[in-house]
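# Sequence and predicted model, in that order:
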Amino acid sequence: MVEEVPEYGREFRVRAVQEITRFLEGADVSNIEFEGPEIAVYIRNPRFISENEDRIKELAKLLRKRVVVRTDPRVRKSKEATIEYILSLVPSDVNVSPEDIQFDDILGEVRVLADKPGKLMGKGAALRYQVLAETGWRLEVYRKPPMASRVLDSIMRHLAVASAERRKALREIGDRIYRDITVGTRYIRVIGLGSFCEVGRSAILVDTGESKVLLDSGISPSSNGVDALPYFNTPEFRLEDLDAIIISHAHVDHMAAVPLLFKFGYRGPVFVTPPTRDLMLLMLTDFIELTKGEGREPLFTMKEVALMMTRVVPVNYNIVVDVAPDVKLTFTNAGHILGSSLVHLHIGQGLFNLLYTGDLKYYRIKGDRGTRLLPPANEEFHRVEALIIEGTYGSKEPQPRDKAEADLIALVNKIKETGGKLLIPVMAVGRGQDILYVLNTALKEKKIPEVPVYVDGMIYEVTALYTEYPELLAKPVRDAMLYQGENPFIGSNIVYVNDESKRQEATYSQGPAVIVSTSGMMTGGPIIEYFKNLAEDERNILGFVSYQAPGTLARRLADGEREVEVRDDSSVRKVKVRMDVVSIEGFTGHSTRSELIQFLRYLRPKPKTIILNHGEPSALLSLAQSVKESWDKLGFEAPPELLIPENLESVKLYPRSSKVRVMLSY
Ligand SMILES: [Zn+2]
Ligand SMILES: [Zn+2]
């Protein structure tokens, strides 16, 4: 009978070191490090890993932590010799060049990009063991993505350059996570710093008395200055007390304020999924450029973004990691954009479980014929006592997806007749890929004629990233990509705009064209240029396919304003809008009202408390009202407590004093 291993603190660390030494006897352990939430064990005998995989799994189970075994850098072969060795093992019909082989010094990993990874790995794990035993590097084989992304490359390069700094950062983070508990979990409070009774600047502080965790840290796209930021100046929010930042997904309103916190002095971890990490780097770079382009001083620079990148801890879906002595985190798919997550926190060694949806897209697959890029949000959990759920569409049922697609197709057919341009503003992440996919599929099915589709802004880079993670896409898309070698984002008529001449061509060429461009709410980006030049021609159409925040140019146009002012270099230009303005709402990456209700119905287990945020007050009220009226039909055993706090209000979730709690009533 093995004695229970303590869960945290110095006691845990001492015991972990003992167990590791005992379990991995024969591996010649040279060092044990607590790197972020992982325990890294460095060994001098790489053959041990291949011969004792089960022993390492057993060890991880006993310690209830992620244990990664790496070779001591001193026993790794040189990179040149390793490349040569790997190339000698590649079958002649698989295409791998030396540039496709990259090294991660921290992880002791060699990554190989191959056009046919299955063929290369044909021998199963044997090849991996062979390379490890021979070179000391752990082999990982990836599919060569069909679109080249410069981002992942630059991330790898950055991490390689900053590898010493990154290792130091991870060890500091590990020290904090595995520190001794001081007071323990005294209570659980949730404090809204942004996105409560509004959409934008998402930020939620979770305070347990022992630790503090920030869920999301966004900037509102529809405000300026300090109003665009979460309430970081509240006395409860102190950077030096903050244990971790957890980001649900890479939209600006959920993550753009993270570098700012680094500017203010934060040096702790930022937990994200790997695609969220990649998208964040891309979006933040774009965010800085856009701000400069508007003649404003950016809130932060690439220096802070780079600093943030050294503290980013990527965590895959369904992996449990410690983020503080009394908080464990699990990400699961949220279905909203690539890498988007429902954030599950297990607090106080079994005391309480909190689920934060971020932005979610939930749908039942049965009877759903609409095309989707991503699978629906996860609905099953071990435990959930409280839920924080978004309610963007809490009061509104947009048209069904099929109808939205039909409407879009009709618009394309219309411009084919009139020779006009169809201008579609989209966010670079999510809707951009969705619309491209729909247009490409419609073209293949001959539902639309051969009309050029110009794609401008960050959409290309983001789309390339989508193709880097085919395993995260919805099954039909994934299968087409992996087994038929198709790329759903490329077609003979799709033109990725990468210079001014292409932009001119898109705007002024004779005949019809579709232009898909950022930003989705028309707060900046190339869409403004197109809009200025196309607005006064009544043959043209402005087609909205996403949510528009109040106050943004997009919202004002959608609401009927026909004379607007836009920036024109350094001056302001009046634009008379004669083009047709059409809103198609059914493409949303958010759950519709009925989908939110479905999510609550199929969510297992049922929470006792539901906090609504990320929506205009009327939307949140309407959703709460529905749950209040039909909780029994949704499968709740008792009426859940429904709360709609405002920013700066706090909700105490634990311990609960039922005497003073009353059901929310209106
Ligand atoms: Zn979002
Ligand atoms: Zn959002």
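Happy to help now that I have it. Ligands and ions are numbered 1, 2, ... in the order given.
# and this protein, which of its residues are near ligand 2?
253, 359 (CB under 5 Å from the ion). For the C-beta atoms, the positions are set from N, CA and C on the backbone; glycine is no exception.
# Please list the outside residues in contact with stretch 75-92.
Applying CB atoms under 8 Å, 6 or more residues apart in numbering, the external contacts of stretch 75-92 come out as 44-46, 96, 98, 101, 103, 108, 110, 112, 114, 119-120, 122, 127, 130-131, 134-137, 139.
# And that stretch, what's buried?
Neighbour-count burial for stretch 75-92, counted by 16 or more other CB atoms under 10 Å, picks out 75-77, 82-83, 85-86, 89-90.
# What residues are bridge-paired with the closest residue to residue 108 other than its chain neighbours?
Closest residue in space to residue 108, ignoring its immediate chain neighbours: residue 70 at 4.2 Å, by CB to CB, 6 or more residues apart in numbering. On the basis of DSSP bridges, residue 70 is bridged to residue 42.
# quick one: contacts for residue 70?
Contacts for residue 70 (CB under 8 Å, 6+ apart) come out as 40-43, 107-108, 138.
# neighbour-wise, which of the residues you listed leads?
Highest neighbour count within the contacts of residue 70: residue 41, with 25 neighbours (other CB atoms under 10 Å).
# That one contacts residue 34, correct?
No: between residue 41 and residue 34 no contact is recorded; they are 10.7 Å apart, counting by CB atoms under 8 Å.
# what sits in contact with each of these two?
Shared contacts of residue 41 and residue 34 (CB under 8 Å, 6+ apart): none.
# re the thing from before, for the contacts of residue 70, which one is nearest ligand 2?
Of all the contacts of residue 70, residue 107 has the smallest distance to ligand 2: 32.1 Å, by CB to the ion.
# what's the domain layout of this structure?
9-74, 77-144, 181-396+590-655, 403-583 (automatic domain parsing).
# before we move on, back to that, and which of the buried residues of stretch 75-92 is nearest to residue 188?
residue 76 (44.8 Å; CB to CB).
# Low-confidence stretches in the stretch 551-666 of the chain?
Scanning the stretch 551-666 of the chain with the threshold set as pLDDT under 70 gives 657-666.
# so who does the residue lying closest to residue 195 once chain neighbours are set aside touch?
Counting by CB to CB, 6+ apart, residue 195 lies nearest to residue 202, which is 3.9 Å off, once chain neighbours are set aside. Contacts here follow CB under 8 Å, 6+ apart; on that basis residue 202 touches 194-195, 215-218, 230, 248, 253-254, 358, 613-614.
# Next one: the residue nearest to residue 108 from residue 477, what distance?
When distance is defined by CB to CB, to the nearest Å, residue 70 is 35 Å away from residue 477.
# Count the neighbours of whichever residue of the stretch 1-150 of the chain sits closest to ligand 1 for me.
The minimum distance from the stretch 1-150 of the chain to ligand 1, using CB to the ion, falls at residue 149 (20.8 Å). A total of 20 residues lie near residue 149 under the criterion other CB under 10 Å.
# Leaving out chain neighbours, which residue sits closest to it?
Residue 149's closest residue in space is residue 464 (CB to CB, 6+ apart), at 3.7 Å.
# again, but for residue 412
Nearest one to residue 412, counting by CB to CB, 6+ apart, is residue 448 at 4.5 Å.
# swap in residue 109?
Using CB to CB, 6+ apart, the nearest residue to residue 109 is residue 138, at 5.0 Å.
# OK, contacts around residue 290?
Applying CB under 8 Å, 6+ apart, the residues near residue 290 are 519, 524-525.
# For the residues you listed, could you give me JSON lines that also reports neighbour count, secondary structure and pLDDT?
Output for those, formatted as JSON lines (neighbours: other CB atoms under 10 Å; DSSP: H, G, I helix; E, B strand; the rest coil; pLDDT from 0 to 100):
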{"residue": "519", "neighbour count": "25", "secondary structure": "coil", "pLDDT": "89"}
{"residue": "524", "neighbour count": "21", "secondary structure": "coil", "pLDDT": "86"}
{"residue": "525", "neighbour count": "24", "secondary structure": "coil", "pLDDT": "88"}
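# ok, so of those residues, who is nearest ligand 1?
Closest to ligand 1, out of all of the contacts of residue 290 and judged by CB to the ion, is residue 519, at 13.4 Å.
# Give me the contacts around whichever strand or helix holds residue 342.
In this structure, residue 342 is located in strand 341-347 according to DSSP states H and E. For strand 341-347, the surrounding residues in contact (CB under 8 Å, 6+ apart) are 185, 188, 206, 208, 213, 215, 246, 248-249, 273, 276, 317, 320, 326-334, 353-358, 360, 377-378, 381-384, 654.
# Which of these fall in strands?
Assigned to strands by DSSP state E, the following of the contacts of strand 341-347 qualify: 188, 206, 213, 215, 246, 320, 327-333, 353-356, 654.
# Show the low-confidence segments of the stretch 101-250 of the chain, by residue range.
In the stretch 101-250 of the chain, residues with pLDDT under 70: 123-124, 151-152, 155-156, 158-160.
# Checking the closest residue to ligand 1 within the stretch 551-666 of the chain next. Helix, strand or coil?
Going by CB to the ion, ligand 1 is nearest to residue 589 of the stretch 551-666 of the chain, at 6.7 Å. Secondary structure state of residue 589, per DSSP: H, G, I helix; E, B strand; the rest coil, is coil.
# right, and it touches residue 434 too?
Yes: the pair residue 589 and residue 434 qualifies as a contact (CB under 8 Å) at a distance of 7.1 Å.
# If you count surrounding residues, which of these two has more?
Neighbour totals were compared for residue 589 and residue 434, and residue 589 leads with 26 against 21 (other CB under 10 Å).
# For that one, grab phi and psi.
phi -90, psi 0 (degrees, to the nearest 10).
# need the contact list for it.
336-337, 359, 361, 430-431, 434, 546.
# Determine which two of those are furthest apart.
Among the contacts of residue 589, 359 and 434 lie farthest apart (CB to CB), at 13.9 Å.
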